[in-house]
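Q: mind looking at a prediction? Sequence and model below.
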Amino acid sequence: MTAKPQECGLISRQAIARATGLDEFLATGSRPGERFDRCIVRKLQSADLGSELSISIDDPSALSLDELEGTKQHDQGIDLPAELGPGFTAQFEGKNGLNTYAYAWTPDTSRRLSIWITPGGPGRDHRADAIEFVRQLKPILLTPSK
């Protein structure tokens, strides 16, 4: 996920292309050398303002543990693998097709990593893609502050 060449100073261009199914795209957000806070990926030369992939850090998190648990229940979320710590993935049909997301957070819920894949590359397991982004990025982005 973090191999070069990178977009937004952190995310592998190849990982983005695989997850979104796009060969050409525009990634905006954090810049190399800056503290990472977001990466928004859109189709190149598209009038649609929606994103294909969105990765962001919410610091501090805008959602309490109760709100996260309520969202998980509402969207019929599935817990992330145990080794990834607290978090879940969910999928639902949206206006542009399948929306897949993963939320991962620090044990005290003070910071949250959000991955949204909308709609994702054809033939891909979008939930697995979201989990893999969490697996690669959580240790980098949600480590305890120094």
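A: That came in fine, so what should we check first? Keep in mind it's a predicted model, so treat the numbers as computed, not measured.

Q: so, low pLDDT: which residues of this structure?
A: Applying pLDDT under 70 to the chain picks out residues 1-2, 46-50, 144-146.

Q: centre-most residue in it?
A: The centre of the chain sits closest to Ile115, judged by CA atoms, centre = their mean, with a distance of 1.4 Å.

Q: got phi/psi on Thr106?
A: Here the main-chain torsion angles of Thr106 (degrees, to the nearest 10) amount to phi -70, psi 160.

Q: nearest spatial neighbour of it, chain-adjacent residues omitted?
A: Leu142 (5.5 Å; CB to CB, 6 or more residues apart in numbering). Using the backbone N, CA and C atoms, a C-beta is placed for each residue, glycine as well.

Q: just confirm that neighbour contacts Tyr103, I think it does.
A: No: in terms of CB atoms under 8 Å, Leu142 does not count as a neighbour of Tyr103; the distance is 11.2 Å.

Q: what is in contact with the two at once?
A: The overlap between the contact sets of Leu142 and Tyr103 (CB atoms under 8 Å, 6 or more residues apart in numbering) consists of Leu113.

Q: who has more neighbours out of these two?
A: A side-by-side neighbour count of Leu142 and Tyr103, using other CB atoms under 10 Å, places Tyr103 first with 25 against 21.

Q: tell me which other helices or strands the strand or helix carrying that one touches.
A: Element membership for Tyr103 (DSSP states H and E) is strand 97-105. Helices and strands in packing contact with strand 97-105 are listed as helix 65-74, strand 87-94, strand 112-117, helix 126-141; criterion 3 or more CB pairs under 8 Å, 6 or more residues apart in numbering; DSSP states H and E.

Q: between these, which one is closest to Ser30.
A: Shortest separation from Ser30 across the helices and strands packed on strand 97-105 is recorded for helix 126-141, at 10.5 Å, computed as CB to CB.

Q: which residues does that closest one contact?
A: Helix 126-141 is contacted from outside by 1-2, 10-11, 15, 18-19, 36, 55, 57, 78, 80-81, 84-85, 87, 89, 91, 98, 100-102, 104, 113, 115, 117, 119-121, using CB under 8 Å, 6+ apart.
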